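Peer 1: just the structure for this:
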Amino acid sequence: MDKKYKLLEISSTIFKVLSWVSLAVGIIAAIIIFIGGGTPEAPKTTGFIGLLLGVVYFFIFLVTAEVIALLLEIRSKVEKGA
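Peer 2: Numbering: from 1, shown residues only. Below you'll find the model as predicted:
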C-alpha cells in the first residue's frame, strides 16, 4: 500500500479502538448509574440512555472502520488489476 494511504489504515484502527471504548464506557456508565440507584439529577433512565448511546457509537465507529478497510481493499484490488 502506498504511503499516502497509511493514514487511512491508521484511521481504521483508531475507529475500531474507539468503537470498543465507547461500548465499554456506555456499559460502565450504565452500571454505575444502576448501582447508585439514580438521583433526581440522574435517574435510572439515564443509565439506559448511556447504554443506548454507547451501543450506537459502537456501531457508528465500527461501521466507519469497516468502510475505510473496504475502500482500502478495493483500492489494492484496483492497483493489482491495473
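Peer 1: the residue nearest the centre of the chain: what secondary structure?
Peer 2: The centre of the chain sits closest to Ser19, judged by C-alpha atoms, centre = their mean, with a distance of 2.0 Å. Three-state assignment for Ser19 (DSSP: H, G, I helix; E, B strand; the rest coil): helix.
Peer 1: ok, and the closest non-adjacent residue to it?
Peer 2: Take Ser19 and drop its neighbours on the chain: the residue closest to it by C-beta to C-beta, 6 or more residues apart in numbering is Phe61, 3.6 Å away. C-betas here are computed from N, CA, C, even on glycine.
Peer 1: just list the residues touching that neighbour, thanks.
Peer 2: Counting by C-beta atoms under 8 Å, 6 or more residues apart in numbering, Phe61 touches Phe15, Lys16, Leu18, Ser19, Ser22.
Peer 1: Ser11 is in contact with Leu71, correct?
Peer 2: No: using C-beta atoms under 8 Å, Leu71 is not in contact with Ser11; the gap is 10.7 Å.
Peer 1: any low-confidence regions in this protein?
Peer 2: Scanning the chain for pLDDT under 70 picks out 1-2, 38, 42, 82.
Peer 1: ok, which stretches of it are helices?
Peer 2: Applying DSSP state H to the chain gives helices spanning 6-36, 44-81.
Peer 1: tell me what angle the first one forms with helix 44-81.
Peer 2: I take that to be helix 6-36. 160 degrees (axes from the mean of the first three to the mean of the last three C-alpha atoms, to 10 degrees).
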